[in-house]
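Colleague: Let me see the structure of the following:
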Amino acid sequence: MTNPENYLGATLTLVAYAASEPRNPAYDKEGTRGVKEVPFAINEGYKKDGEFVQTGTTWYQYIAAGSGVDLISGIKKGDKVRIEDAKQEVRSFKNKDGEEKLGISLRFGTVTVLESANKDSGDDLPW
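Modeller: Predicted structure coming up:
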């Protein structure tokens, strides 16, 4: 689903592995609002002497509503997914320990599963 109303904001392209299947958001545990989200994690870091040194992880939540839910319904944990031209929103929140954190939400855009985690190649998932 593209950005049909040309909403203002930053857009991006993300390629990442799905950390779970689409799920109901925390504010709608029963799923009555017709919204689903899928978390994605990107490991941040650099290479030193040919080895990857991880410095942190950036988490993204792709949020779909209405007909967009159908577009993500087939995503499985571990699928490699490309999300193009997604509207990005950054917000602050307090985690369960009361610490201030930043959350990055993505909406709209085009969602494509590049590699299925259910392939029979025997590859290990990245986590």
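
Colleague: Quick one: neighbours of the residue nearest to residue 40 when sequence neighbours are not counted, just the number.
Modeller: Nearest residue to residue 40, sequence neighbours excluded (Cβ to Cβ, 6 or more residues apart in numbering): residue 16, at 3.9 Å. To be clear about C-beta, it is placed using only N, CA and C from the backbone, and glycine gets the same treatment. Per other Cβ atoms under 10 Å, the neighbour tally for residue 16 reads 21.

Colleague: ok, residue 16 - contacts?
Modeller: Listed by Cβ atoms under 8 Å, 6 or more residues apart in numbering, the contact set of residue 16 reads 40, 41, 42, 60, 80, 81.

Colleague: Now do it against residue 74, distance only.
Modeller: 16 Å (Cβ to Cβ, to the nearest Å).

Colleague: How about residue 94?
Modeller: 33 Å.

Colleague: And the two? Which one has more around it.
Modeller: Neighbour totals were compared for residue 94 and residue 74, and residue 74 leads with 12 against 9 (other Cβ under 10 Å).
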